[in-house]
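Novice: I need the structure of the sequence given here:
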Amino acid sequence: MSDSGERHRATDLVLEGGGVKGIALVGAAVALDEAGWRFPRIAGSSAGALVGAVIAAMQRAGEPLSRVDEIMRTLDYSAMLDRRPTGRAVRWWPRAADAWGILFHLGMYRGRHLTDWTRGVLADLGVRTFADLALDDPGSHLGPERSYRLVVTASDLSRQRLMYLPWDLASYGIDPGRFPVARAVRASAAIPFMFEPVRLRSRFGTSTVADGSLLETYPIDVFDRDDGLPSRWPTVGVRLSSPSDERAPATPVRGPVSMVVSLIYTTVDSTQVRHVSDPADLERSIFARTRGVRWTDFDLTAQQQDALFDAGHAAARRWLLEHPEGPPVSRPGP
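Specialist: Numbering: from 1, shown residues only. This is a model prediction of the structure:
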């Protein structure tokens, strides 16, 4: 940020996970960009990690963010459901193919298409490893080891802990500057049982790393200062869910598959209760209501993608009207 005007319009951006509903994140980011906001640092989980990586790479390359929707539309969501050869051989019996993938690879789908697409898009923008997203930011309280334009969450199932990539890689004995950004995004988006988890070899052994949304789907406080000094700029987050509703209807659980899906939803939602109810976090959160679309609807039509983008864009516009100067730069204390 070279001048005071740009500095005034700087905000760190946090993007919630949500599968295919992540298209709404694109709409919200475009609306914020149209209002003159820029994003020095971006954090996200799952779909938020994917969208955040593309935006971070575009900003680094000097590309206008008006193109982010165009780029994201090149992702074929149905192609993400890519089975291994044995699974394809029995695709006429989907339940058997699903069971085979889960039994032998811990996921129905490989996730290679997502990895290849992400790697290709980022490479076109000059980003391959986190070294390409290093941020020269001496005024940050985070320290040089955390000075990156992007951080994504992942769940280390082997060590039962949350990971922030690339921040935590050094503690695993892995050089964060050489770690592929596409691989971090793939790990963050590995929905349990749907996509194969990522295997991470480190000084601790081999970790099984899966969807960041299991433990931190909305890392809204990841950039908050903890040194007692005022923030240099605010943080704004985009959520793909609404504030909790005590009158939400019950969804019947029928059978083991339904049980697994409900368990994942419950785990993800329960990690966010504090953020939903915290007034300070509500103030800096944009809620994009994506009704009628589930996070696993990989057969989205063009019309549904348009509706998701419009929902995010409209939500951000409403938030901007209510917060013409953005949220307070200093998060209130306890």
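
Novice: from here on, just use CA atoms for contacts and neighbour counts.
Specialist: OK.

Novice: how about the contacts made by Y109?
Specialist: Listed by C-alpha atoms under 8 Å, 6 or more residues apart in numbering, the contact partners of Y109 are M80, L81, D82, R83, R84, G101, M194, F195, E196.

Novice: first-to-last residue distance for stretch 72-86?
Specialist: Distance across stretch 72-86, first residue to last, is 30 Å (C-alpha to C-alpha, to the nearest Å).

Novice: if you could redo that for stretch 38-54, that was the one I meant.
Specialist: So stretch 38-54: terminal residues 14 Å apart, C-alpha to C-alpha.

Novice: average pLDDT for it?
Specialist: Averaged over stretch 38-54, pLDDT sits at 96.

Novice: now do the helices in this structure.
Specialist: Remark: helices assigned in the chain by DSSP state H are 4-8, 23-34, 47-61, 68-72, 85-89, 94-105, 112-124, 181-188, 213-216, 255-270, 273-277, 279-283, 302-322.

Novice: and these: which comes nearest S155?
Specialist: Between S155 and the helices of the chain, the tightest spacing by C-alpha to C-alpha is seen for helix 213-216, at 6.4 Å.

Novice: other SSEs contacting the closest one?
Specialist: strand 150-156, helix 255-270 (3 or more C-alpha pairs under 8 Å, 6 or more residues apart in numbering; DSSP states H and E).

Novice: shouldn't I23 be in contact with A307?
Specialist: No: here I23 does not reach A307: they are 9.1 Å apart, not a contact under C-alpha atoms under 8 Å.

Novice: these two - which one has more neighbours?
Specialist: Neighbour count, other C-alpha atoms under 10 Å: between I23 and A307, I23 has more, with 27 against 18.

Novice: how about that one, what does it touch?
Specialist: M72, Q305, L308, F309, G312.

Novice: for PyMOL, what selects the buried ones among those?
Specialist: To isolate the buried ones among those in PyMOL, judged by 16 or more other C-alpha atoms under 10 Å, type:
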select buried, resi 72+305+308+309+312
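
Novice: on that earlier part again, where among the helices and strands packed on helix 213-216 is the average confidence lowest?
Specialist: Lowest mean pLDDT of those: helix 255-270, a mean of 64.
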